[in-house]
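Participant: I'd like to go over a predicted model; first the sequence, then the structure.
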Amino acid sequence: MTSSDVRPAASAGSLDVERIRKDFPILSRELPGGRELVYLDSANSSQKPIQVIDTMREHLMSHYGNVGRALHVLGSESTEAYESARDKIAAFVGAPSREEVIFTKNASEAINLVAYAFGNPVNTDERFRVGPGDEIVISEMEHHSNIVPWQLLAQRTGATLRWFPVTDEGRLDVSGLEELVTERTKIVSIAHQSNVLGTVNSVSPILARAREVGALMMLDASQSVPHQAVDVRELGVDFVAFTGHKMTGPSGIGVLWGRRELLEAMPPFLGGGEMIEAVWMDRSTYAPVPHKFEAGTPPIVEAVGLGAAVDYLTSVGMDQIKAHERTLTQHALDALTEIPGLRIIGPRTVVARGGTVSFTLEGIHPHDVGQILDDVYGIAVRVGHHCARPLHLRFGIPATTRASFYLYNTTAEIDALVRGLHHVQKVFG
Amino acid sequence: MIAESMYQELILEHYKRPQGRGLREPYDAEVHHVNPTCGDEVTLRVKLADGGKVQDVSYDGQGCSISQAAASVLHDLATGSTVEESLAVVDEFTRLMQGRGQVEADEDVLGDAVAFAGVAKFPARVKCALLAWMAYKDAVLRSQEAM
């Protein structure tokens, strides 16, 4: 056997990053002063391929009308495009039924939609009753969007908010699972992948415990759906939230997937146009899901754009994207750990980990790091607490610098980051 | 390389060797200000003396070079001057910082603080530069109330 047998399928189906980069016009723009752009901030928001831009433009140029209520040609073409985006997204995440895909404006709204179904006096379903003595379980690695809605729920109902701690390595500490998730737990909601640590959480042991005690389970999949094949049936949870702008789609569109039977048992979230069946002056009846949860004119062109985004990601291949990011992450972890005074906040191996790498540089504030990287090297990273302040408090740091990778990034860009960090150390050393 | 010009030698000097850092007794008022977007924070104490003089400005905090250097420069400028003079410097510094890089700095009033002129071109960093200065203004008002 020859040595080429060592790397079989990978090369056949691997991702051609130079070809991919041509799909993203923004990546070839020049920054002021003639610098090239090195975009390492996709966990914050991803860039958009020409396929998404063209689809949205085409919709606005030739098909735009309101959806669901206009009977003319444009209305029906627009409705067709909007609803076919729902089909594409349902297929992309393996939803058993298209009616289980609800368009929201972002992941935050999707999580709030679920949180507001609890403790609502009009909802008599036992699973959504919450009061003093009941518990909600989240984790210390959550984005604020998966913390604050549950804090608000606890405040409204007198329930108690509890959380999984995080280990020094940046993994979810599930050693106290049985004491944390109990008969008092109404819902467990955690990140599928951390937006700071890059950690991909193992769902099944927590889900098994939630099922044992009769609790519901939700995943904030904002950071996982863009980067790996996610199948909601395989995950087996009750709700999954994600957002369009992190997965090469536009901003202003997010998704809540939920089990149909639960969505049907939940009360409406926002009231308004198109979410009704019939309205009298003193009461209303509601449209079936998903429309019950889509009050008002939805983000039509954004939904169509997200449909184009999942077509694009599917054409590249989610497994190829995942493998490409794994190569980038390995390269970054190897290179970054060689920088003296650099501390990675999160797992130092690529096992159960995505392409988001946060770190501190001894004695240098992340704001100063980000400013020099941007201004001297055209490198866009995010600095701050990345909407995960409790996680930073847990590590005893006010902020980190975060580099995050996507299908269009290259190892050369990571090398540029490393050169930039050496320069930062020279300026502030 | 605009940012490199923002990081004036004087700013880096104050960042690496902060003047008057550390919280001291006695004091008339203590305030704690934070910049929630980036986690910069400063605790600042003011001690006033007779004749409208500022006897001491002591502080402690954490944050980026701009926020920490600004606190150090403030200490140098305010300590030993009068309340009235120092508040005039705060006003001029605030005007400069909020001027989006379009305001000509009055070096006679600002002294070393003129080194921060480049920060005004970076809207995201203006709050960093102003943190300690706003805390000082707050502390002086509280000190006067306490007297």
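Facilitator: Cool, got the structure. Residues are numbered from 1 along each chain as shown, chains lettered A, B, ... in the order given.
Participant: residues contacting residue A:97?
Facilitator: Residue A:97 makes contact with A:90, A:260 under the criterion Cβ atoms under 8 Å, 6 or more residues apart in numbering or on different chains. Every C-beta, even on glycine, is put in place using the N, C-alpha and C of the backbone.
Participant: Give me the distance between it and residue B:60.
Facilitator: Relative to residue B:60, residue A:97 is positioned 58 Å away (Cβ to Cβ, to the nearest Å).
Participant: okay, and the helix or strand of chain B with the least pLDDT?
Facilitator: Least confident helix or strand, chain B: helix B:2-6 with a mean of 66, by mean pLDDT, DSSP states H and E.
Participant: And the next helix or strand past that helix?
Facilitator: As assigned by DSSP states H and E, the chain's next helix or strand after helix B:2-6 is helix B:9-16.
Participant: just how off-centre is that following helix within its chain?
Facilitator: Its chain's average C-alpha position is 14 Å from that of helix B:9-16, according to Cα atoms, centre = their mean, to the nearest Å.
Participant: Could you do stretch A:39-49 as well?
Facilitator: 12 Å.
Participant: Can you tell me what sits against that stretch?
Facilitator: By Cβ under 8 Å, 6+ apart, stretch A:39-49 touches A:23-24, A:26-27, A:195, A:223, A:226, A:245-251, A:305, A:309, A:312, A:356, A:379-382, A:386, A:402-406, A:408-409, A:413-414, A:417.
Participant: Mind exporting the C-alpha coordinates of that stretch to PDB?
Facilitator: Extracted in PDB, the C-alpha atoms of stretch A:39-49 (Å, rounded to 0.1, in the frame of the first residue of the first chain):
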ATOM      1  CA  TYR A  39     -11.700  38.700   8.400                       C
ATOM      2  CA  LEU A  40     -11.500  36.600  11.600                       C
ATOM      3  CA  ASP A  41     -14.800  37.600  13.100                       C
ATOM      4  CA  SER A  42     -17.400  35.100  11.700                       C
ATOM      5  CA  ALA A  43     -18.600  34.000  15.100                       C
ATOM      6  CA  ASN A  44     -19.800  37.600  15.500                       C
ATOM      7  CA  SER A  45     -21.300  37.700  12.000                       C
ATOM      8  CA  SER A  46     -20.400  35.900   8.800                       C
ATOM      9  CA  GLN A  47     -19.800  37.500   5.400                       C
ATOM     10  CA  LYS A  48     -22.300  36.800   2.500                       C
ATOM     11  CA  PRO A  49     -21.700  35.000  -0.800                       C
END
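Participant: Contact residues of chain B facing chain A?
Facilitator: Residues of chain B found near chain A (Cβ under 8 Å from any Cβ of the partner chain) are B:1-4, B:6-7, B:12, B:15, B:37-41, B:62-66, B:122, B:125, B:128.
Participant: Filter these down to the buried ones, ChimeraX style.
Facilitator: Selection of buried members from the residues of chain B next to chain A for ChimeraX, criterion 16 or more other Cβ atoms under 10 Å in any protein chain shown:
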select /B:3,6,7,12,15,38,39,40,41,63,64,65,66,122,125,128
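Participant: Name the residues of the helix of greatest length in chain B that come out as buried.
Facilitator: Ranked by residue count, the top helix of chain B under DSSP state H comes out as helix B:123-146. Within helix B:123-146, the residues scored as buried using 16+ other Cβ under 10 Å are B:125-140, B:143.
Participant: And for stretch B:110-125?
Facilitator: So for stretch B:110-125, counting by 16+ other Cβ under 10 Å, buried means B:110, B:112-122, B:125.
Participant: Would you format these as TSV with pLDDT included?
Facilitator: As requested, the buried residues of stretch B:110-125 are exported to TSV (pLDDT from 0 to 100):
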residue	pLDDT
B:110	90
B:112	88
B:113	91
B:114	91
B:115	91
B:116	93
B:117	90
B:118	88
B:119	91
B:120	90
B:121	86
B:122	86
B:125	88
